[in-house]
Each structure stands twice: as structure tokens, then as C-alpha cells.
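S.K.: Structure for this input, please:
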Amino acid sequence: LEVDKVALGPFVAGQAAGWTVDTRNLGPSIARYPITVTDTLPTSGIGTVSITAGAGWDCPATAEPGTSFTCTYAGTPGGGLAVGATLPRISLTAAIPASTTGSLTNRAEAASATTRPTRPDTPWIDTVTTPVSDATTLTIVKSLVGDEIVPGTTADYSFTVTNTGTPNARTVAFTDALPA
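M.R.: Predicted coordinates for the structure are as follows:
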């Protein structure tokens, strides 16, 4: 079996994240049912994960960060997945909190009732690490306090800084260049 875990990115703090999991039989023989996919979720940086799967899969509807869940494809009793065949897709979605930084790592592993062939690689395991962008967009509005500036007096200004992006803004500083 081969499992292919794909991040539907790019990932941005404050927005939704998604992954897909595809499972196919690489051979050399039929992969006997039941077939399972166990997914290990990131330990932090996401909210509750919603799980949807194609026909035939038995999966939980949701899973929590830092846990593993298993989907089972029972198939026809005594049957199996033919060489080269692919099972219906499993899809995951979760919110990324606005405070998330770094990256998210998600791992999937497929197994069947058939003994795995001996090989130097492990196509039945796939781990994907996706960076989370925490770049934000700020707008700054400078306004004169009062109606006018009288010659020989000081003027007061107010500044309004607005985060128009989805990630949290951290360590915000700005400089107002005054005329000489």
C-alpha cells in the first residue's frame, strides 16, 4: 500500500488548513480488506479537525489536535484492493488559530490484512510538514488632533494602527518621520 498525504496550502495563521489522504495498492499482490489509515495530527497550532471520507470508509467525524484517529475501509468480506487501484479520498480540515507560528506536521499510515512486502522504503507512511505564514497586514492612519496648526505652537497627532490580516500582529513598532 501507498499513502499520499497532501497539505492543501499554503497555510496562513487565522485561516483554515486542509489535507487529503489517498491510499492505493502498489502491489505486488491484492491488499486484503480491511484496510486502515491512521492519521497522527499536529500536537498544537490547529483546532478540532473535521474528517470527511469517500464511500466505504468508516471514520470519526472529528479528532482533536495531538491525537491519532483511524479510518477503516472494510470492503467486501474476503476481498481486497487490486494492484494499482485507489480507495476513495479522506479529507481533513481545521482552523489555524491566529496566534500559530512555525509549521504543522501531519502523518498518515496505511495498513491491510496482507503482509507488507520487504522493501527499502516505506510508501505506506507519509509525513507532511507545512510552514504556517504569520505575516500580517497593518494599516496606519495619522490624524491631526484639532482643526488647525497655529504658527509657533505645537501640534498633536493621533495614530490608529489596524491589523487587516488574519494572523496576530506581534511586536508592532512604527516610526513617524518628521520634516526637518
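
S.K.: Could I get the contacting residues of the nearest residue to Thr162 once chain neighbours are set aside?
M.R.: Closest residue to Thr162 apart from its sequence neighbours, by Cβ to Cβ, 6 or more residues apart in numbering: Thr139 at 4.9 Å. (C-beta placed from N, C-alpha, C; glycine too.) For Thr139, the contact set (Cβ atoms under 8 Å, 6 or more residues apart in numbering) comprises Val161, Thr162, Thr164.

S.K.: Packing partners of the helix or strand harbouring the second one?
M.R.: The reference is to Thr162. Using DSSP states H and E, the element containing Thr162 is strand 156-163. Contact here means 3 or more Cβ pairs under 8 Å, 6 or more residues apart in numbering; DSSP states H and E; on that basis strand 156-163 packs against strand 138-145.

S.K.: Put the alpha carbons of the strand holding Thr162 into CSV.
M.R.: Listed next in CSV are the C-alpha coordinates belonging to strand 156-163 (Å, rounded to 0.1, in the frame of the first residue of the first chain):
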residue,chain,number,x,y,z
ASP,A,156,-0.7,66.8,18.3
TYR,A,157,-1.4,63.8,16.2
SER,A,158,-3.1,60.5,16.8
PHE,A,159,-2.3,57.3,15.2
THR,A,160,-4.6,54.4,14.6
VAL,A,161,-3.0,51.0,13.7
THR,A,162,-5.3,48.3,12.4
ASN,A,163,-4.5,44.7,11.7
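
S.K.: Tell me which residues are up against that strand.
M.R.: 136-146, 169, 172, 174, 176.

S.K.: switch to 7 Å and redo it
M.R.: Applying Cβ atoms under 7 Å, 6 or more residues apart in numbering, the set of residues contacting strand 156-163 from outside is Thr136, Leu138, Thr139, Ile140, Val141, Lys142, Ser143, Leu144, Val145, Gly146, Ala169, Val172.

S.K.: now do stretch 97-107
M.R.: Against stretch 97-107 from outside (Cβ under 7 Å, 6+ apart): 5, 11, 13-14, 17, 19, 39-42, 45-47, 125, 127-132, 134, 166-168.
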